[in-house]
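[1] When you get a sec, could you give me coordinates for this:
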Amino acid sequence: MPSFLLSSALAAGLVFLWVGERLVESGTTRGVLSGLGLLLVLAATVARLPRRAVKGRDDLKRVETCLLGLHGGVLLSLLLYVLQSDAWAKVAGAQLSVGWPKLAGVLGALWPAVLVTALIPTLLVELSLTSMTKAPSLELGRVREAMFSGVGMASTLIFAFSMQYVAAQRDVVKDLSYFRTTRPGDATKNMVKSLDQPLEVHLFFPPANEVATQVQLYFDELKGSSPKLEVTAHDQALEPTLAKELSVSGNGTVVLRKGGKKESVYVGLELEKARTQLKSLDQEVQKRLLQIARARRTVYLTAGHGERLQDPGNQADQRATIDLLKRTLVDQNFDVRTLSTAEGLAVEIPRDAAAVFVIGPTQAFSEPEAQALQAYEQRGGRLFIAVDPEAGLDMKELLAPLGVAFTPVTLANDKVYARTSAQASPADRKNIGTRSYSSHPAVTYLGRSSDPVVMMGAGALDEAKQHPANTSVDFAVRADHNTFNDVNNNFEADPNETRQAYGLVAAVSRRSASNKAEEELRALVLGDSDCVADVMLTQVRGNQLLVVDGLKWLLGEEQLQGTVNTEQDAPMLRSHQQDQAWFYGSMFAGPVVVLAIGFVARRRPKKSAVAPASPAKEAKS
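    Alright, predicted model coming up:
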């Protein structure tokens, strides 16, 4: 009988045992299947015994002895399985795990290891024998190598499962990611420096708390900005009266109080859970400072001329909304209101207007409305105007009094532009990206950063040939010099289209007759309103800086400008081509390099193992 039939019977017996012990419920069926499987294993092993007595075939005897030993290993594994299984309870009266739990655990891990160590070498030895069926004698070296290879594979498998078991039982989570509590940014420090009254900071944390240590480090650094900042630590459980006065219900809270105003920031008590709050601590502290350290003022957003909406309520206008811009103004402690003809736009701009915003109008302003805005400018008004070329309007009634001219032709750039989708499209060339900033205070911190400003379909701004006296126009942001005016909207630079660094953002100022700073006209004019819409403000940090720092300059608060620190991880963005490069590079370039190195190494001439004869020996010969 061929050897592989006996090994196949052994394997079939193991399959019956597995079905009976693992798939079938207790009862007669289990006993039948398990008994049949055990009988097959025993029969295959016993059948190996007479095969060791073949006369004149020492090679076959040695192979059969090896296979008999491997079959014996299978029987040993089954014996170990029975000792730790519920079958042992029928003999001993109780399972081994009851009286000897540790021994049961050892046997539970040992029996599959012994089984694998016997089965895999059996398979490889049988494959080796099959390849030598017609040979006059067996190559014992090949059989030996097959067996040792099987033992090595079984050992590797056992090691892998053992490591997995240990890792599962000793599951320890270690976060090795970068973490650091944010430090006070320049903007927050400048706000603390400008304090006119003492600012109290109360830290409510229990003693020896890790989160409290991180928060204390932040405010220790911030205290160096002004002696008016007072920081004290408390335990809410030990000072319930103060906690109630500050509306604190538990520890893990930071309270800022100035005069009769107070604001709180909840950080938490467990460091792992408080990481997100600690990374953005500077942002949250600055928001609370703005709420209590500065009087609330009112800004107006014009309406009635097709301006961008704060929410997508108008189905006819599918442009991106400016909800984030509104929320930014609210965070800066402004009361945001709408100003249309019904609210008096055609009569007079309200006296409490700290600034007037005109965002993306698609219709011209009437003469009374334009006159009301000019009167507002004369008394030191502050204007934030963002216009679009798609409307086809030069908005002369708004911009001419400011000394600014707007050309409603979409700009494009075929060299430097921002893509909006994975697949490159010529239409993306209208997405102007630039880092060309002037030294104007409205873009001071934007210029110090490496963040670009992106505008999606901007028109060109220029200084008007005639404008009011004492009016200064500074183009704080300009397009890349490869930008061209795409007159026919084909996204190609045609001969009649001019490449130059067009103005994108104009900062306008005009001193009053009284020479008082509070009566100075200031205006910020943008050649695109998309750059302040929700889509861009959520994705482009440069646009965020343009809005926040531009607003501070607009309102005469340059001293409060600065960066806001955050340790939040920035998303890693790659283009579709970059993703393809990484994919194909890892799939093909790496293996090709390895093969090339191997090919070169194989082609190198090998040194002869025999040393050349010396000239003296050659002469004697």
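[2] what ranges do the helices span in the stretch 51-200 of the chain?
    Using DSSP state H, counting those that start in this stretch, the helices of the stretch 51-200 of the chain run over 58-84, 87-92, 96-99, 101-130, 140-169, 186-193.
[3] Flag the shaky bits of the stretch 501-621 of the chain, pLDDT-wise.
    558-590, 599, 601-621 (pLDDT under 70).
[4] Likewise for the stretch 151-300 of the chain?
    169-181.
[5] how does it look with 50?
    For the stretch 151-300 of the chain, the stretches with pLDDT under 50 are 175-178.
[6] Can you list the residue ranges for strands in it?
    Using DSSP state E, counting those that start in this stretch, the strands found in the stretch 151-300 of the chain span residues 199-204, 229-234, 253-258, 261-266, 297-302.
[7] State the paired neighbours of the third one in the sheet, together with their directions.
    Taking DSSP bridges as the criterion, strand 253-258 forms sheet pairs with strand 199-204 (antiparallel), strand 261-266 (antiparallel).
[8] Now do the first one and strand 229-234, the angle between them.
    For strand 199-204 against strand 229-234, the angle between stretch directions is 20 degrees (axes from the mean of the first three to the mean of the last three Cα atoms, to 10 degrees).
[9] re the thing from before, quick one: the strands of the stretch 151-300 of the chain as a markdown table, columns for distance to residue 419 and mean neighbour count too.
    In short, each C-beta sits where N, CA and C put it, glycine included. Putting these into a markdown table (distance: least, Cβ to Cβ, whole Å; neighbours: other Cβ atoms under 10 Å) gives the following:
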| stretch | distance to residue 419 | mean neighbour count |
| --- | --- | --- |
| strand 199-204 | 45 | 21 |
| strand 229-234 | 45 | 15 |
| strand 253-258 | 42 | 21 |
| strand 261-266 | 38 | 16 |
| strand 297-302 | 31 | 21 |
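[10] about what we covered before: right, so of the helices of the stretch 51-200 of the chain, which gets closest to residue 551?
    Residue 551 lies closest to helix 186-193 among these, at 12.1 Å (Cβ to Cβ).
[11] in that closest one, what counts as buried?
    The neighbour-count check on helix 186-193 (16 or more other Cβ atoms under 10 Å) flags 186, 187, 188, 189, 190, 191, 192 as buried.
[12] so what secondary structure elements neighbour that helix?
    Other elements packing on helix 186-193 under the criterion 3 or more Cβ pairs under 8 Å, 6 or more residues apart in numbering; DSSP states H and E are helix 210-223, helix 281-293.
[13] Point out the most buried one among those.
    helix 281-293 (a mean of 21; mean count of other Cβ atoms under 10 Å).
[14] and the angle for it with helix 210-223?
    For helix 281-293 against helix 210-223, the angle by the same axes, to 10 degrees is 60 degrees.
[15] Distance from the chain centre to helix 281-293, please.
    26 Å (Cα atoms, centre = their mean, to the nearest Å).
[16] and it, what other elements does it pack with?
    helix 186-193, strand 199-204, helix 210-223, strand 253-258, strand 261-266.
[17] So which of those is nearest residue 134?
    Once the helices and strands packed on helix 281-293 are compared by Cβ to Cβ, helix 210-223 is nearest, at 74.8 Å.
[18] Can I get the closest one in PDB? Just the C-alpha atoms.
    Extracted C-alpha coordinates of helix 210-223, given in PDB (Å, rounded to 0.1, in the frame of the first residue of the first chain):
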ATOM      1  CA  GLU A 210      -1.800  65.700  35.300                       C
ATOM      2  CA  VAL A 211      -4.200  67.900  33.400                       C
ATOM      3  CA  ALA A 212      -3.800  70.700  36.000                       C
ATOM      4  CA  THR A 213       0.000  70.600  35.500                       C
ATOM      5  CA  GLN A 214      -0.500  71.100  31.700                       C
ATOM      6  CA  VAL A 215      -3.000  74.000  32.200                       C
ATOM      7  CA  GLN A 216      -0.800  75.600  34.800                       C
ATOM      8  CA  LEU A 217       2.200  75.700  32.400                       C
ATOM      9  CA  TYR A 218       0.100  77.500  29.800                       C
ATOM     10  CA  PHE A 219      -1.000  80.200  32.200                       C
ATOM     11  CA  ASP A 220       2.400  80.500  33.800                       C
ATOM     12  CA  GLU A 221       3.700  81.600  30.400                       C
ATOM     13  CA  LEU A 222       0.800  83.800  29.800                       C
ATOM     14  CA  LYS A 223       1.300  85.600  33.100                       C
END
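[19] related to what we said a few turns ago, let me have the strands paired with strand 253-258 in CSV, extended by distance to residue 527.
    Listed next are the strands paired with strand 253-258 as CSV, based on distance: least, Cβ to Cβ, whole Å:
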stretch, distance to residue 527
strand 199-204, 40
strand 261-266, 37
